[in-house]
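> just the structure for this:
(one chain, ligands or ions: 2)
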Amino acid sequence: MNNIPSVNLADFLSDDPATKDKFVQEIGKAYEEIGFVSLKNHFLDDELVDDLYKNVKDFFALPEATKKKYEIEGGGGQRGYISFGKEHAKGKKEGDLKEFWHFGQEADEDANLIEEYPENVIVSEIPAFNEKGMEAYRMLEKTGIYVLRALALYIGLDEFYFDHWARNGNSILRPIHYPPITEEPKGAVRAGAHGDINLITLLMGASAGGLQVLRKDGEWIDAIPNEDELVINVGDMLERHTNNKLRSTIHRVVNPPKEQWGTARYSIPFFMHPRSDMKLNCLDECVDENHPKAFEDITAGEFLHQRLVEIGLIKE
Ligand SMILES: O=C(O)CCC(=O)C(=O)O
Ligand SMILES: [Fe+2]
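Ligands and ions are numbered 1, 2, ... in the order given. Prediction:
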């Protein structure tokens, strides 16, 4: 059952100001409460999603030695393949039961970021893998920019405040494979409880089940949207920037019951990051007597580095 509110992006795109504002209020309230929504009428069409999944499954089905060719030592796991068990939730020692891939930003020539971002890794065995991945990347980025516009309005900022930071941002598309479970996991789970690092996350594939969200009252609830919906949540960067107004909610992916250990799970989150020079300092709009400034000033780039060390992707 889906326990998270469902919102319709078509409302935000409506010519009727009242309908647009309804979306702004619905998503803003949901992010003050549970931190998660499911979204319909995003820009990813079914055909692209099907093509992407087919290529993602083909990639993870390649021999381990072939996949390892695409694992980059010393790159902080920012591009290419990250092998099974490498990432762990902050504060947890058991690695997650997953392997994944990272597609990153291909910045516009005029954005001055071409030097900063590492190049994407090309999988020569599956020509359509990179092509479909980057197509989905762009559609998710477009969807995310509209969501951020709605949030800017909710907070009382200019509608287009986030556009500059999110366009050409350091976002990551992460196809994940959770393989069948073949032995007693001994404390390891598909994805340990964590908050996402970035501004917002747009997740494909949660309709398969397994994603759970920690409600304010301490109860874990299932987040299982309809097949055509994306799950979208607030990450730690936006929580920080809004001085805890919008909530980065802890979530996890649980192991299935033993009868279903033989079933793999695939999901594809898009972690929307801003450009690394964005200041995440608490916004004036979110600080008052009752809500004193709760975080130190920091840039997105500095914050990301800190967190990659904490989850095991950068060794210090
Ligand atoms: O696989 C999922 O459904 C969620 C994965 C997730 O939360 C993450 O990678 O941050
Ligand atoms: Fe997550």
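
> all contacts plus neighbour counts: C-alpha atoms, from now on.
Fine.

> contacts for stretch 4-23 next, please.
Outside stretch 4-23, the residues that touch it by Cα atoms under 8 Å, 6 or more residues apart in numbering are 24, 26-27, 30, 34, 36-42, 150, 223.

> which secondary structure state does residue 285 sit in?
helix (DSSP: H, G, I helix; E, B strand; the rest coil).

> which other helices and strands does the lengthiest strand in the chain contact?
Counting residues, the longest strand found in the chain (DSSP state E) is strand 265-272. Secondary-structure packing of strand 265-272 (3 or more Cα pairs under 8 Å, 6 or more residues apart in numbering; DSSP states H and E): helix 127-155, strand 172-173, strand 176-178, strand 200-204.

> how about those in CSV, adding mean pLDDT and distance to ligand 1?
Converted to CSV, those look like this (pLDDT from 0 to 100; distance: least, Cα to the nearest ligand atom, whole Å):
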stretch, mean pLDDT, distance to ligand 1
helix 127-155, 98, 15
strand 172-173, 98, 10
strand 176-178, 96, 7
strand 200-204, 97, 7
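
> dump the ones you listed to TSV, plus mean neighbour count.
Formatted as TSV, those follow (neighbours: other Cα atoms under 10 Å):
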stretch	mean neighbour count
helix 127-155	19
strand 172-173	24
strand 176-178	22
strand 200-204	25
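
> need those in TSV with distance to residue 302, can you?
Output for the helices and strands packed on strand 265-272, formatted as TSV (distance: least, Cα to Cα, whole Å):
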stretch	distance to residue 302
helix 127-155	22
strand 172-173	17
strand 176-178	26
strand 200-204	18
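
> which parts of the stretch 51-200 of the chain sit against ligand 1?
Within reach of ligand 1 by Cα under 6 Å from any ligand atom, the stretch 51-200 of the chain has these residues: residue 196.

> where does the stretch 51-200 of the chain have low pLDDT?
Within the stretch 51-200 of the chain, no stretch has pLDDT under 70.

> which residues of it fall in strands?
Secondary structure of the stretch 51-200 of the chain, counting by DSSP state E, counting those that start in this stretch: strands at 80-82, 99-104, 172-173, 176-178, 191-194, 200-204.

> the fifth one packs against which elements?
Which is strand 191-194. strand 251-253.

> can you give the contact residues for the strand it packs on?
Defining contact as Cα under 8 Å, 6+ apart, one finds that strand 251-253 is touched by 189-195, 210-214.

> with stretch 124-141 instead?
Around stretch 124-141, the neighbours that count as contacts under Cα under 8 Å, 6+ apart are 43-44, 48-49, 51-52, 55-56, 58-59, 103, 122-123, 167, 173, 202, 270, 272.

> may I see the ChimeraX selection of the buried members of the residues you listed?
To isolate the buried members of the contacts of stretch 124-141 in ChimeraX, using 16 or more other Cα atoms under 10 Å:
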select :44,49,52,55,56,59,103,123,167,173,202,270,272
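
> A helix includes residue 7, no?
No - Residue 7 is assigned strand when assessed by three-state DSSP, not a helix.

> report pLDDT for it.
Note on residue 7: pLDDT of 97.
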